[in-house]
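Asks: what's the 3D shape of this:
(one chain, ligands or ions: 1)
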Amino acid sequence: MKILMVCLGNICRSPIAEGILRQKLKDGGFSHVATDSAGTSAFHVGEAPDRRMRATAKQNGVDIDDLRARQFVPADFDHFDIIYAMDQSNYNNIMSLAQTEDEKDKVKMILNEVNPSSNEAVPDPYYGGDEGFQHVFDLLDEATDVIIEKYVKG
Ligand code: 4NP
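Replies: Residues are numbered from 1 along each chain as shown. This next block holds a predicted model:
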């Protein structure tokens, strides 16, 4: 099982989604599941996660300092079983690259795991204040709990 988290820049939302899930997989001894993250844009390729996101991660016991941004590529459809978009724009961008029904079926809005069919977005914290980063963390903490129960333990 391989799970990919995708946002726009791959420096805020998707790296923390990856980091939280990675921590829970490690803590639970779930070595059969792999996780990664990517951005639909190439704006920040090669960069570490945003300093504010790294600080919020550490305050919550998660270390994402080692992660580096990369762009989503069509080959990701082959490598991953589930591809989570953080918002509708990410979802549309990923879907526009999908070529088969099988590929389209892999793409999901991550907060739909918490509130099915709601299509709620994980808000982009990049241009806002520090509190936005904790809010993103809390939303993804909840979503990754559901992912563990539904796909990892199940
Ligand atoms: P992310 O946040 O998609 O959660 O990584 C953003 C980071 C950078 C930009 C936009 C969103 N940007 O426009 O540079």
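
Asks: Gly128: which element?
Replies: Using DSSP states H and E, Gly128 maps to neither a helix nor a strand.

Asks: show the model's pLDDT score for the nearest residue to Gly39 once chain neighbours are set aside.
Replies: Leaving out its chain neighbours, the residue that sits closest to Gly39 by CB to CB, 6 or more residues apart in numbering is Asn10, at 3.1 Å. C-beta here means a position set from N, CA and C on the backbone, and glycine is covered the same way. Per-residue pLDDT puts Asn10 at 98.

Asks: residues touching stretch 113-128, excluding its own?
Replies: 7-9, 11-13, 17, 50, 52-53, 86-88, 109-112, 132-133, 135-136, 139-140, 142-143, 146-147, 150 (CB atoms under 8 Å, 6 or more residues apart in numbering).

Asks: among those, which are located in strands?
Replies: Cys7, Met109 (DSSP state E).

Asks: quick one, which of the contacts of stretch 113-128 are buried?
Replies: 7-9, 11-13, 17, 50, 52-53, 86-87, 109-112, 132-133, 136, 139-140, 143, 147 (16 or more other CB atoms under 10 Å).

Asks: contacts with the ligand among those residues, please.
Replies: Cys7, Leu8, Gly9, Ile11, Cys12, Arg13 (CB under 6 Å from any ligand atom).

Asks: you'd agree the second one is up against Ala38?
Replies: So that's Leu8. No - when contacts are counted by CB atoms under 8 Å, Leu8 is not listed as touching Ala38 (10.4 Å).

Asks: close to the ligand: what parts of the chain are there?
Replies: So the chain meets the ligand at Cys7, Leu8, Gly9, Asn10, Ile11, Cys12, Arg13, Phe43, His44, Asp124, Tyr126 (CB under 6 Å from any ligand atom).

Asks: list the contacts of Asp145.
Replies: Asp145 neighbours (CB under 8 Å, 6+ apart): Lys24.

Asks: any idea how far the ligand is from it?
Replies: 20 Å (CB to the nearest ligand atom, to the nearest Å).

Asks: likewise Asp66?
Replies: Asp66 is 16 Å from the ligand, by CB to the nearest ligand atom.

Asks: where's the residue of the chain most remote from its centre relative to Ile83, distance?
Replies: Relative to the centre of the chain, and counting by CA atoms, centre = their mean, the farthest-placed residue is Thr100 at 22.3 Å. According to CB to CB, to the nearest Å, Thr100 and Ile83 sit 13 Å apart.
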